[in-house]
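# Could you work out the structure for the sequence below:
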Amino acid sequence: MTQSSNNGADRRRVLLGAGGAALALGTAGPARASLKDSRPTTPTYGVSRTRYSISATTFVPTKGDTYVLPLSQVQATDNNVDSTLNADNSITINNAGNYRVLLSVNWSPAKGHGVALRSYGIRRRRTAFTVPPGGALIRINDTDEHLATQDMPGSATPKTVRLPAPPNGAHDTYVPFPWTPGTIPLGGYASIDVTMPIAGIVAPGDVALASLTSITDALIGANAVSALLVSARVIAADTVRVTIFNPAISPSVTIPKGNLQVLGMSSLLATGDSGAARTLLSSTTVAMSKGDRVYATFSSLQLGDVMQSSAEVFLEVEKWTQTA
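Next up is the predicted model:
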């Protein structure tokens, strides 16, 4: 049996063995100091930047095509001489170095917009675009170098309500909604009217879906599962009628108790707002050469979608220079 002293370093020697490596661990104070002194220092950087923006609201002319965001003015600068705005809406890099480019967009929440996929990005090229006559937007094939890209689902998604709903939110205990349709003869049906738990979401003309957990091959047979028609209709404000119709099973089919699930969905064109349609995209820090051009792109699957003219729509070019 080996006896250890009260010294912590000595105890570690006993546990790890008495070799030189254990001794080094037991007397690691000076070693730690040496390691700390050898760590590289964190560099510091100076940043110069210019923010370019648009001066007028811009409409997407064609669905799904990519256009160059029409930059038209300097919104802000800190005396940066490293970039210049061109007539073709691109920005020329005047001095080689490390750059970061940021794009902020603010899509319109107007009725009829915000219902489809929107895409936008930051690109790099070397040559100028051909500017179309009459101030038309420049449409491109989007084959230049992608520095950053983002696809954003429409902000005007339909509102939904489900039954059953947790009484105190999504993290509460799930409470099933049981229903026993019973025996349905050939050509007959069973139905139930349910009140959706959140008022004001659905009304006649909106969409509803339903399912029942007891309609399975194991409980009623594969033929019955394939033949039965389950439908859901919004028949009044906040009220959905679920119907199960038996068109083919003779003489009848018996459906035992199951848990009913109902989803109601508003069919309104737009329910989003401006805040949900505004977002910021940033490239990584990229080495740029003198003469490189950067620009912003935007497209939408909603014809006539709108890019708003506001302080939130801009392309910012930042040059990062290490100072220490």
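
# List the contacts of residue 60.
For residue 60, the contacting residues are 67, 298, 299, 300, 302, 303, 304, 305, 306, 307, by C-beta atoms under 8 Å, 6 or more residues apart in numbering. For every residue, glycine as well, the C-beta is placed using N, CA and C.

# wait, doesn't residue 89 sit right on residue 138?
Yes - in this structure residue 89 lies within contact range of residue 138 using C-beta atoms under 8 Å: 6.5 Å.

# which residues do the two both contact?
Joint contacts of residue 89 and residue 138 (C-beta under 8 Å, 6+ apart) are 68, 129.

# Give me the more crowded residue out of those two.
Neighbour totals were compared for residue 89 and residue 138, and residue 89 leads with 22 against 18 (other C-beta atoms under 10 Å).

# Tell me if the more buried one really is in a strand.
No - assigned with DSSP: H, G, I helix; E, B strand; the rest coil, residue 89 falls outside any strand and is coil.

# Might you report the residue contacts of it?
With C-beta under 8 Å, 6+ apart, residue 89 has these contacts: 68, 69, 70, 71, 72, 129, 138, 295.

# Does the first one have any beta-bridge partners, and if so which?
Spelled out, it's residue 68. Beta-bridge pairing for residue 68 (DSSP bridges): residue 297.

# Any idea how many residues pack against it?
Around residue 68 there are 20 residues (other C-beta under 10 Å).

# Can you point out the buried residues in the helix or strand harbouring residue 98?
Assigned by DSSP states H and E, residue 98 belongs to strand 97-106. Within strand 97-106, the residues that count as buried by 16 or more other C-beta atoms under 10 Å are 97, 99, 100, 101, 102, 103, 104, 105, 106.

# What pairs with that strand, parallel or antiparallel?
strand 278-282 (antiparallel), strand 286-288 (antiparallel), strand 314-322 (antiparallel).

# Buried residues, the second one. List them.
I take that to be strand 286-288. 286, 288.
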